[in-house]
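Asks: Build me a model from this:
(one chain, ligands or ions: 1)
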Amino acid sequence: MYKRRKVLFFGSNLILEFLKGKNNFLKLKIDLHIHTNNSDSTGSVEEILERAELRGLDGIAITDHNTMEGVEEAKKKKTTLIVIPGEEIRTKQGEILSLGIRNYIEDNLELLEVLKRIHVQGGLAIIPHPTVPFFNRVRLRDLEDLPIDGIEIFSAITPFANFFLKRNIRLARNLGLASIAGSDSHFPETVGDAFTIVDSESRNIKDILNAIKECKTEIFGKSSEIKYKLRLIYRLFLKIY
Ligand SMILES: [Zn+2]
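Replies: Numbers count the residues shown, from 1 in each chain. Okay, the predicted model is just below:
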């Protein structure tokens, strides 16, 4: 079995740090799953950054399908936000959300190869929306043996997000993995509907990734409005990319 540190319960690692007197964390509010119009969102990078600032986020992760053009675009924009580079990668065995990678990873590779490429780049591999039926997902029974770093336990745009939350909390807990939340935004209006509070030592991306890996996270947010969920299903059905 893939060795992981066990999480006793949510926030337990934070309490341990507190007892050790290390409680000078920043509590950064970050939406860790956002698409731009470089893949299948209606929102430009500019609109998304603007919306994220308006919603009081400290940062976002740009995680387009099959491209990192949105990340490159964001780097050229003037913003106070932390922008974590990422990609949502389709593998032969399901989708993986990568955070903190530097170079684009292509689609349709073997899952283990993708996980290796993410980790070689110093990134994190997160399982997005793990229990939602019909989504292109990695088999739950395989998760225990995989070198993954976290579970997206709340994804605001997925249907019945609140219903799946309980199952996902159990899953992350049993696997001893970090819990994260994101909007999985495909429309600028839904940016920040869900987010993760990361207890990071600094605003540096490396520190943020380390904090996530060490389970120093809490999740917040609400399910996106039903009109956006329906619009996404319609767009996916028509394959509007
Ligand atoms: Zn997504």
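
Asks: Quick check: what element follows the helix or strand bottoming out on mean pLDDT in the chain along the chain?
Replies: The least trusted helix or strand in the chain, going by mean pLDDT, DSSP states H and E, turns out to be helix 12-19, with a mean of 56. Counting by DSSP states H and E, the next helix or strand C-terminal to helix 12-19 is strand 28-34.

Asks: now that following strand: how far from the chain's centre is it?
Replies: Relative to its parent chain, strand 28-34 has a centroid offset of 7 Å by Cα atoms, centre = their mean, to the nearest Å.

Asks: Show me what that strand is packed up against.
Replies: Other helices and strands packing on strand 28-34, by 3 or more Cβ pairs under 8 Å, 6 or more residues apart in numbering; DSSP states H and E, are helix 45-54, strand 59-62, strand 82-91, strand 94-99, strand 150-155, strand 178-182, strand 194-198. Using the backbone N, CA and C atoms, a C-beta is placed for each residue, glycine as well.

Asks: ok, longest helix in the protein?
Replies: helix 161-175 (DSSP state H).

Asks: Let's see that one as PDB, backbone CA atoms only.
Replies: Output in PDB follows, covering the C-alpha atoms of helix 161-175 (Å, rounded to 0.1, in the frame of the first residue of the first chain):
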ATOM      1  CA  ALA A 161     -22.400  18.700  -4.500                       C
ATOM      2  CA  ASN A 162     -23.700  18.700  -0.900                       C
ATOM      3  CA  PHE A 163     -24.900  15.100  -1.200                       C
ATOM      4  CA  PHE A 164     -21.400  13.900  -2.300                       C
ATOM      5  CA  LEU A 165     -19.600  16.000   0.400                       C
ATOM      6  CA  LYS A 166     -20.200  13.400   3.200                       C
ATOM      7  CA  ARG A 167     -18.900  10.600   1.100                       C
ATOM      8  CA  ASN A 168     -15.900  12.500   0.100                       C
ATOM      9  CA  ILE A 169     -15.100  13.600   3.600                       C
ATOM     10  CA  ARG A 170     -15.100   9.900   4.600                       C
ATOM     11  CA  LEU A 171     -12.900   9.000   1.600                       C
ATOM     12  CA  ALA A 172     -10.300  11.700   2.400                       C
ATOM     13  CA  ARG A 173     -10.300  10.700   6.100                       C
ATOM     14  CA  ASN A 174      -9.900   7.000   5.400                       C
ATOM     15  CA  LEU A 175      -7.100   7.600   2.900                       C
END
